[in-house]
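K.L.:
need a structure here:
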Amino acid sequence: KPNEKDHQLDLVFVTNDGRKMHTKDMSFTPSQSMNGENKVLSFKANVGPSQFLEFRYELMPKDYMMDFTIRSQGLSQTLNTADAPQLNWEMLAYKRSKGIDNENRYTEIKFEYGDGSDDYTGQGAEADEEEDKVSYIAYKQHFFTSILLTDTPFKKAKLISENIASQDDEQDTYTKKFNSQIELEYTGGELA
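P.N.:
Reported below is the predicted structural model:
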């Protein structure tokens, strides 16, 4: 069961006065609604009277996929839109079988970049890749995969896989730590 320690999404902005603003430090108010048959979960952080940032999840019945949208309103007054916002997606991969070496062979980051080239981070103690025009990122484990798929390719993404099982013999809950640092783009000074 995911919790705050093993899965984190953090959006980092640069303000007009050069400070970094992290969504992981902000307070979000949840709300729930329907869009036809789809359930919509919205998490909004109010930055000012008419300024907000929203993480919106739309869950479709009988579907393993969900629609995830990040949008902002009025933040162009506060943010330095010349600096691209960065989405950091971090996850700790759970150990699910006794044979950790065998399990780690199937635990990696897969991704598509450029004009449809597939690649993966590999099996080393630490591996990282940096690519342009990334269209999906998949945190692949032996039996489960979490995928971030985008309609418009991300301008740039750095993908880091760290084998934490080999670094710490005392720790036997997780196999690897995945981190993606994804460069997003503003549209008309806002996230849409």
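
K.L.:
in the chain, where's the longest strand?
P.N.:
Longest strand in the chain, counting residues (DSSP state E): strand 145-163.

K.L.:
show me the contact partners of that strand.
P.N.:
For strand 145-163, the surrounding residues in contact (Cβ atoms under 8 Å, 6 or more residues apart in numbering) are 65, 68, 84, 89, 91, 104, 108-109, 111, 113, 121-139, 175-185. Using the backbone N, CA and C atoms, a C-beta is placed for each residue, glycine as well.

K.L.:
tell me the secondary structure for the residue most central in space within the chain?
P.N.:
By Cα atoms, centre = their mean, the chain has its centre lying nearest to residue 89, at 3.0 Å. Reduced to three states with DSSP: H, G, I helix; E, B strand; the rest coil, the structure at residue 89 is strand.

K.L.:
so it sits right up against residue 179, yeah?
P.N.:
Yes. Between residue 89 and residue 179 there is a contact under Cβ atoms under 8 Å: 7.2 Å.

K.L.:
how deep is residue 56 tucked in, by neighbour count?
P.N.:
A total of 17 residues lie near residue 56 under the criterion other Cβ atoms under 10 Å.

K.L.:
spatially nearest residue to it (excluding sequence neighbours)?
P.N.:
Among residues not flanking residue 56 along the chain, residue 69 sits closest, at 4.5 Å (Cβ to Cβ, 6 or more residues apart in numbering).

K.L.:
any idea of the angle the helix or strand where that neighbour lies forms with strand 145-163?
P.N.:
Residue 69 is part of strand 66-73 when elements are defined by DSSP states H and E. Relative orientation of strand 66-73 and strand 145-163, computed by axes from the mean of the first three to the mean of the last three Cα atoms, to 10 degrees: 80 degrees.

K.L.:
tell me the mean pLDDT over strand 66-73?
P.N.:
Computed over strand 66-73, the mean pLDDT rounds to 92.

K.L.:
strands paired with that strand, and their directions?
P.N.:
Partners of strand 66-73 in the sheet, by DSSP bridges, are strand 51-59 (antiparallel).

K.L.:
only C-alpha atoms, please: export the partner strand in CSV.
P.N.:
The C-alpha trace of strand 51-59 is given here as CSV (Å, rounded to 0.1, in the frame of the first residue of the first chain):
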residue,chain,number,x,y,z
GLN,A,51,-4.5,32.2,-7.8
PHE,A,52,-4.3,28.4,-7.5
LEU,A,53,-2.5,25.2,-8.5
GLU,A,54,-4.5,22.1,-9.0
PHE,A,55,-3.7,18.4,-9.3
ARG,A,56,-6.7,16.7,-11.0
TYR,A,57,-7.2,12.9,-11.2
GLU,A,58,-10.0,11.4,-13.3
LEU,A,59,-10.7,7.8,-12.7
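
K.L.:
tell me how far it lies from the chain's centre.
P.N.:
14 Å (Cα atoms, centre = their mean, to the nearest Å).
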